[in-house]
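A.B. asks: predicted structure and sequence below. I'll ask about it afterward.
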Number of protein chains: 2
Amino acid sequence: MTQTTDPATESTADDASPQARVNAWLADFESALRARDAEKAAGMFATDCFWRDLVSFTWNIKTVEGRDGVAEMLRACLDHIDPSGFRTTEPPAEADGVTEAWIEFETATGRGRGHLRLKDEGAWTLLTTLYELKGHEEPRGGARPRGAEHGVNRARETWAERREREARELGYQTQPYVLVVGGGQGGIALSARLRQLGVPTIVIDKRGRPGDQWRKRYKSLCLHDPVWYDHLPYIKFPDNWPVFSPKDKIADWLESYTKVMELNYWTNTEAKSARYDEATREWHVEVERDGQPVVLRPKQLVLATGMSGKPNVPDIPGMDTFRGDQHHSSAHPGPDAYAGKRAVVIGSNNSAFDICGALWEKGADVTMVQRSSTHIVRSDTLMEIGLGALYSEEAVASGMTTEKADMVFASLPYRIMHEFQIPLYDQMRERDQDFYDRLEKSGFRHDWGDDGSGLFMKYLRRGSGYYIDVGAADLVANGDVKLVQGQVTELTEDSVLLDDGTTLPADVVVYATGYGSMNGWAADLIDQETADRVGKVWGLGSNTTKDPGPWEGEQRNMWKPTQQPALWFHGGNLHQSRHYSLYLALQLKARAEGIPTPVYGLQEVHHTS
Amino acid sequence: MTQTTDPATESTADDASPQARVNAWLADFESALRARDAEKAAGMFATDCFWRDLVSFTWNIKTVEGRDGVAEMLRACLDHIDPSGFRTTEPPAEADGVTEAWIEFETATGRGRGHLRLKDEGAWTLLTTLYELKGHEEPRGGARPRGAEHGVNRARETWAERREREARELGYQTQPYVLVVGGGQGGIALSARLRQLGVPTIVIDKRGRPGDQWRKRYKSLCLHDPVWYDHLPYIKFPDNWPVFSPKDKIADWLESYTKVMELNYWTNTEAKSARYDEATREWHVEVERDGQPVVLRPKQLVLATGMSGKPNVPDIPGMDTFRGDQHHSSAHPGPDAYAGKRAVVIGSNNSAFDICGALWEKGADVTMVQRSSTHIVRSDTLMEIGLGALYSEEAVASGMTTEKADMVFASLPYRIMHEFQIPLYDQMRERDQDFYDRLEKSGFRHDWGDDGSGLFMKYLRRGSGYYIDVGAADLVANGDVKLVQGQVTELTEDSVLLDDGTTLPADVVVYATGYGSMNGWAADLIDQETADRVGKVWGLGSNTTKDPGPWEGEQRNMWKPTQQPALWFHGGNLHQSRHYSLYLALQLKARAEGIPTPVYGLQEVHHTS
């Protein structure tokens, strides 16, 4: 994306060449935009079309559909966005009647990158993204700081002194512009970007060390996503990094990253309450740091407490009488104490399988309670068929950088993404048919998503309902881990009762029962009214299981303005934390600098949880 | 260096093309080597020629000169090295009658990379380097570890458990193959490479945290080398890293690196004594770890205690009667306690200037005692003229990777390196003529090295005698820092006396008097006999000030076998720690694996200190 098209090549390009076609389209498009002719610009799109914008036109994360959608958005945005300078950054490619081009452009206040898919009828998909604000470019590469201050200066403050003073004063004598609640990968990636942009930021976490979000979980945990998908901004994992990072290793990396990127990361700090003062337009957040109360007054509040952060602990009669250990999967300490014990794990998704596998390996007698059907994909298969083209050693070797892969991914509109996914999962099913046959023979209820679109769409729609198999599925298939179907109705002193009358004797019960919507965090921290006003977080409105319609076009409330001024949600997997932290950081930076940020199409709320 | 020459291109290349000429030379060279015809191969070199080998032919770091030198080396090495497969890795370039080519080749036990400069008469310079041992390739890229162990395994040990067990057992139940004494950048870079090669290694340091080698020095210290020159192996600094890293920032990086690269780094550990047991071929090293004695029995002992590590503290009459503070520059705490005090700094090189500048900024009354002439180059000028082509933002933009820059640097034989340096320093003199005029007017004695070859040759020859000016030279030039010339003869209770009778009243005396040869560490740790057998460390034998002849061809005793079996010296600046750690690591790995390593041309000892 850094190669500049040679003007000489442009002018001599064959009219029928992909380069000529894209050049012509961009030139016409730009002149329509310059003329503020929204209808004409919209008419250059195909009838079925999608324009996905990440902050560059809409100051929102927004996909508009159809020529009407494009025209409406342009009418609202063109005057203040004032886009110009559209050009390709590498030669476009054509395949199957679609010409694909990487583009750059600028707006009144920033610079953007994008991607275009052109059909005979016009633009089929357009991605536009903001990557920097004019006059607020990041100090990197040639613009990096000098470090040593040359010359003589009697008021010299060393790097360490300046850093220590900042850490000492911020939150006390000075106020952060942004407070990020939650210091996992999401909070860390966002804070690193804000630090680079010079936005005073504190990230708080209730745990003792950065990385404890991973470190404190069950000991067998490894990332289910591969290393190429997991890079943080600015510092890539070295090429000796494991494909699937063990939890303690990723935890140590996050801790080092936090230090090296000079984040103001407050450990042992819990947010107790927050309220927004409409008059002063700032938050009043009571936190407890190392047991001491501190009041913070940030202008912006980001909840980065984890899209899988707020445990759903079921309320089952008899829980208070059960004498054994019982805990949510997020609090499961690992199997060491349970050798020879009877374990009942309620749930059949990722955590349930990981925990069942580790308990069985340690010699526990393990029963899994499946309450609803689950989608399983074998890890090797998912890596090869699902991610290989964008995130793999082969992709790297073919020149697919992480940044470019992220943009390819972002260029596919959610509305049609399942159409690209379904054939991949058909391939996976075929490749692992034996595996699925064995699994179903064991009585396991398996599905491929409502429309057969598999794991990634489940993740985007509901954030649950699947297991990336790294071996434990075989334990269920062969009966080593016992499988029962049903709903739990009651706990006794020493057992779990199901709705069909089954009694499962238990020394330990693990509730692998998932997580609630992130606005639950807002209810806890602010109030229920605010949580309801913001509404459900995550999901696309696909009208599939656990993702009710209407269609939203983008993930609800993530990385973009919400119905509560100055309240933001950030998170997701490492890929999302890396990629979307840029757009959230730019939105916050623009506000910090007083750059106007008129939001187009602020989402309506259709569900409160 | 990764581009493969297309065979089709080779065969159709014009006979007069650089590619054809290099191909022909390499083919003839290889067939002479295959025929074990050392004379014929040597005859393919120019009369004045240099072959520099880093471990691939000689299992040594060795430059041979002239056809006789080449022939003698080949006669000794060809049979067991069995070199083959010479080929270019990118199209050769020609300029000023010299054709330059990047090459690859292999030997009986390893794979190598190199660089060739061809003149009409034959090869002028040849660099050959080993980069990996066959069957012992590093687990990187496509060979990286999986991390998660898929499948079920009742004996599963997690990453954290394995790492903790290793850390607990190594040095107690199990013995390291290599013990590295000194945990600065040298010890850290070497240990990282050995970890990657699977060689059990402990690195010990007397200080409390990795990075304290920098952290504990005077507070204004910043690296004088720029970031592009300073990368460690495996993990590059991010592109927001300052050009000149402040000491605490590089210290934090080293600490994080140590953790992330999983080094067995023992802090608070001092080596008390070491002796080599010829019978068992292992060292017996008594160390004190956190105050507790531990005996280590490594097969190989590396002293990485710093080429600027062993302070030269002068022995001056009256030092015991002086009532103020006095310390070597390496122990100087910084200026904070000396505002308004009278400071005498003995010496006029890097540390002296840095310390004088910081003391003056803090409001001390500062006098610098210049004992001998010093070479000064302004930092900006040095960066631009001295390093810019290889190590700069512009070099990176033009495709000059750090690894390639290191190889370009390594390809210039030390014997003629000053010829390349002299014109650069002529440029610097011209550019900063005003600066030098002012400096000399102040009475400062300035030189450009014995032969006008400047700073880098001084570094390689004697490791001293210069200052990279970041501003403090102006303080001397304008008299803010007072300058006196002479030798110190005595200290009284409150002053420093010079040989010309001058009395300098002093509240604090800083001995910026440099460092001794690294074999002084061997004398302390092992015994004087061993130190004398090994001889002087560092320097080229250039017969210039502080680097007595005869000519050695390479830096004495660094990164290569010494006259004491199983004793090695490692260190230097960040560039050298990065680059040469590879060759030392490969020498150690080969020995650990029992691969024969017949050393050609083990250096003789001409000086004991």
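C.D. replies: Now that the structure is in, tell me what you want to look at.

A.B. asks: from now on I want contacts and neighbour counts done on CA atoms only, so please keep to that.
C.D. replies: OK.

A.B. asks: residues contacting the residue in the stretch 451-600 of chain A that chain B sits nearest to?
C.D. replies: Proximity of the stretch 451-600 of chain A to chain B (CA to the nearest CA) peaks at residue A:471, 3.9 Å away. Contact partners of residue A:471, counting by CA atoms under 8 Å, 6 or more residues apart in numbering or on different chains, are A:357, B:150-152.

A.B. asks: which residues of the stretch 401-550 of chain A fall in helices?
C.D. replies: Taking DSSP state H, counting those that start in this stretch, the helices of the stretch 401-550 of chain A run over residues A:402-410, A:414-431, A:433-441, A:454-461, A:472-477, A:519-525, A:528-534.

A.B. asks: cool, the stretch 1-150 of chain A as well?
C.D. replies: Counting by DSSP H, counting those that start in this stretch, the helices of the stretch 1-150 of chain A are A:7-12, A:18-34, A:38-43, A:66-81.

A.B. asks: how about the helices in the stretch 151-300 of chain A?
C.D. replies: Here the stretch 151-300 of chain A has its helices, by DSSP H, counting those that start in this stretch, at A:159-169, A:185-196, A:212-215, A:247-260.

A.B. asks: of those helices, which is nearest chain B?
C.D. replies: helix A:247-260 (5.3 Å).

A.B. asks: now the angle from that closest one to helix B:247-260?
C.D. replies: If you take axes from the mean of the first three to the mean of the last three CA atoms, to 10 degrees, helix A:247-260 sits at 170 degrees to helix B:247-260.

A.B. asks: what does helix A:247-260 contact?
C.D. replies: The contact list for helix A:247-260, computed with CA under 8 Å, 6+ apart, reads A:185, A:188, A:192, A:209-215, A:217, A:219-223, A:265, B:159-160, B:249, B:252-253, B:256, B:259-260.

A.B. asks: show the pLDDT at the residue lying closest to residue A:350 once chain neighbours are set aside.
C.D. replies: Leaving aside its sequence neighbours, residue A:350 sits nearest to residue A:467 (CA to CA, 6 or more residues apart in numbering or on different chains; 4.3 Å). Note on residue A:467: pLDDT of 96.

A.B. asks: got JSON lines for the helices of the stretch 1-150 of chain A, with mean neighbour count too?
C.D. replies: JSON lines is the format used below for the helices of the stretch 1-150 of chain A (neighbours: other CA atoms under 10 Å in any protein chain shown):
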{"stretch": "helix A:7-12", "mean neighbour count": "11"}
{"stretch": "helix A:18-34", "mean neighbour count": "19"}
{"stretch": "helix A:38-43", "mean neighbour count": "20"}
{"stretch": "helix A:66-81", "mean neighbour count": "18"}
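
A.B. asks: tell me which of the ones you listed sits nearest to residue A:277.
C.D. replies: Comparison of these against residue A:277 by CA to CA identifies helix A:66-81 as nearest, at 28.8 Å.

A.B. asks: show me the shaky parts of the stretch 501-609 of chain A.
C.D. replies: Scanning the stretch 501-609 of chain A for pLDDT under 70 picks out nothing.

A.B. asks: for chain A, which spans come out with low pLDDT?
C.D. replies: Where chain A drops to pLDDT under 70, the residues are A:1-15, A:308-309.

A.B. asks: for residue A:52, see how far away the residue of the stretch 451-600 of chain A closest to chain B is.
C.D. replies: Using CA to CA, to the nearest Å, residue A:471 is found at 38 Å from residue A:52.

A.B. asks: could the helices of the stretch 1-150 of chain A go into TSV alongside distance to residue A:413?
C.D. replies: Formatted as TSV, the helices of the stretch 1-150 of chain A follow (distance: least, CA to CA, whole Å):
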stretch	distance to residue A:413
helix A:7-12	29
helix A:18-34	20
helix A:38-43	17
helix A:66-81	12
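
A.B. asks: quick one: which of these is nearest residue A:302?
C.D. replies: helix A:66-81 (25.8 Å).

A.B. asks: residue A:108 reaches residue A:82, doesn't it?
C.D. replies: Yes. At 5.4 Å, residue A:108 counts as touching residue A:82 under the criterion of CA atoms under 8 Å.

A.B. asks: what parts of the stretch 1-150 of chain A come near chain B?
C.D. replies: Contact residues (CA under 8 Å from any CA of the partner chain) of the stretch 1-150 of chain A with chain B: A:139-142, A:144-150.

A.B. asks: still on that earlier bit, buried subset of the contacts of helix A:247-260 as a ChimeraX selection?
C.D. replies: Buried residues among the contacts of helix A:247-260 (16 or more other CA atoms under 10 Å in any protein chain shown), as a ChimeraX selection:
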select /A:185,188,192,209,210,211,212,213,214,215,217,219,220,221,222,223,265 /B:159,160,249,252,253,256,259,260
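
A.B. asks: show me which residues of the stretch 301-450 of chain A sit near chain B.
C.D. replies: The stretch 301-450 of chain A comes close to chain B at residues A:357, A:360-363, A:393, as judged by CA under 8 Å from any CA.

A.B. asks: between those, which is nearest chain B?
C.D. replies: Closest approach to chain B among these (CA to the nearest CA): residue A:361, at 4.3 Å.
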